[in-house]
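Undergrad: generate a structure from the sequence data that follows.
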Amino acid sequence: MKKFLVLFLLCSSAFAQEGVRHATYDLGTLLDAVALNGAAATRTFTVGPTLSNRINLVGFSTIGFDVNYTYSAGGVLTFTCTGTSGSGAAATYAVNTLTTCTTSAGTCTLNWAGVVNTPTLAADKKFNFPLGVSSLQSVKCAVSLSGSPAAGDIVTVKGTAIADSGTR
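TA: The predicted structure is shown next:
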């Protein structure tokens, strides 16, 4: 019986599927119904270095952004994100290599330097995109709309920090 149990355990582990587990942290609403014709400061948000009492951005590999755009004048919606890996308040936002994507017809094309552009938007649109943030202490993003944005061009951005926590 003992040999059967050992054989069973060996066979079970040989066929077990490995997968990556992810730990997530809800960042909440980063921009809440912001008019895209407003000043740059109203269209800019920062994530990190501290996310809560004992959680820092540096422990996460990706931020997933959920974007809700309300159409008025339309245009290309652009997220320009910079990151810092410096030592806190004195650090400047220097552009690091942030893995991002440009969405076109549902496909994500890798882009570098933290810039994400949508296709020209001519209707209300909801979409999401990932931003690689490995080893960064904080990320600062500015959202803009090409052309002449109207007061009715509105964006809401929510975020989730995602960490790979290994395989199971």
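
Undergrad: check which helices and strands the host helix or strand of residue 120 sits against.
TA: In this assignment (DSSP states H and E), residue 120 forms part of strand 115-121. Other elements packing on strand 115-121 under the criterion 3 or more C-beta pairs under 8 Å, 6 or more residues apart in numbering; DSSP states H and E are strand 75-84, strand 100-104, strand 125-132. Where C-beta positions appear, they are placed from N, C-alpha and C, glycine not excepted.

Undergrad: and if we set it to 6 Å?
TA: If you count contacts as 3 or more C-beta pairs under 6 Å, 6 or more residues apart in numbering; DSSP states H and E, strand 115-121 packs onto strand 75-84, strand 100-104.

Undergrad: among those strands, show the one with the smallest mean pLDDT.
TA: Mean pLDDT is lowest for strand 100-104 among the helices and strands packed on strand 115-121, at a mean of 55.

Undergrad: what does stretch 56-67 rub up against?
TA: Outside stretch 56-67, the residues that touch it by C-beta atoms under 6 Å, 6 or more residues apart in numbering are 48-50, 127-134, 137-138, 157-164.

Undergrad: which ones are touching residue 30?
TA: Neighbouring residues of residue 30 by C-beta under 6 Å, 6+ apart: 45, 157, 159.

Undergrad: how about a cut-off of 8 Å?
TA: Contact analysis of residue 30 by C-beta atoms under 8 Å, 6 or more residues apart in numbering lists 45, 47, 65, 141, 157, 158, 159.

Undergrad: so which of those comes closest to residue 54?
TA: For the contacts of residue 30, the minimum distance to residue 54 (C-beta to C-beta) is 16.4 Å, reached by residue 47.

Undergrad: excluding covalently adjacent residues, which one is nearest to that closest one?
TA: Nearest non-adjacent residue to residue 47, counting by C-beta to C-beta, 6 or more residues apart in numbering: residue 139, 5.0 Å away.

Undergrad: so what are the sheet partners of the strand holding residue 120 and their directions?
TA: Paired strands of strand 115-121, with direction, are strand 75-84 (antiparallel) (DSSP bridges).

Undergrad: cheers, nothing more for now.
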